[in-house]
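>>> make a model of this:
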Amino acid sequence: IGATTTAPTKPTTVDTDEIKHRRDGTDILAKYKYYAASTTGAAALYALDHHVDRLAEDHANAQLLATELARLPGIRIDPSTVQTNIVFFDLADTGLLAADVCAGLERQGVQMGAFGATTIRAVTHLDVSRTDVLRAVECLSKVLRAPG
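Reported below is the predicted structural model:
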């Protein structure tokens, strides 16, 4: 569970001499916006060429995650609304904050993201197996019982 990456990207470096010699940074900004857009596009094309068959597995894992989350006390999620590999769930009924729960998960090696005060976003992807999903739910259950 965590951030999605589909293809390695080359780190961007900034030529400090180039910056010093330009009064208007718009050309440089445009250059790096183009680079970011092209690498994102390249990653998407790579995924379509190499991982389309895996999308069904990612979506099944997301559905499993949603179904298992719905069984946890205080978690609000309707598994029938999960249509992709992205899962949002609410934990307002637990009395805990999303950032605190995510920090507790991080300590156990599970990455999810706070998406507001009480909403958490999880993503299944190439590096997340069915076993990882079940482990993430187990870790979340522990965090909910003892968030500190």
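
>>> how about the helices of this structure, start to end?
Here the chain has its helices, by DSSP state H, at 16-20, 26-50, 52-70, 98-107, 130-145.

>>> any buried residues in the last one, and which?
Put plainly, it is helix 130-145. Neighbour counts over helix 130-145 (16 or more other Cβ atoms under 10 Å) mark Asp132, Val133, Arg135, Ala136, Val137, Cys139, Leu140, Val143, Leu144 as buried. C-beta here means a position set from N, CA and C on the backbone, and glycine is covered the same way.

>>> tell me who's in contact with the last one.
For Leu144, the set of contacting residues under the criterion of Cβ atoms under 8 Å, 6 or more residues apart in numbering consists of Leu72, Pro73, Gly74, Ile75, Leu91, Thr94, Leu96, Val101.

>>> from Ala122, how far out is the closest residue to the fourth one other than its chain neighbours?
Of all residues beyond its chain neighbours, the one nearest Ile75 is Leu69 (5.1 Å), with distances taken as Cβ to Cβ, 6 or more residues apart in numbering. The span separating Leu69 from Ala122 equals 8 Å under the rule Cβ to Cβ, to the nearest Å.

>>> okay, and the common contacts of these two?
Shared contacts of Leu69 and Ala122, counting by Cβ under 8 Å, 6+ apart, come down to Val87, Phe89.

>>> which of the two has more neighbours?
Per other Cβ atoms under 10 Å, whichever of Leu69 and Ala122 has more neighbours is Ala122, with 28 against 23.

>>> what sits against that one?
With Cβ under 8 Å, 6+ apart, Ala122 has these contacts: Ile1, Ala62, Leu65, Ile86, Val87, Phe88, Phe89, Met112, Gly113, Ala136.
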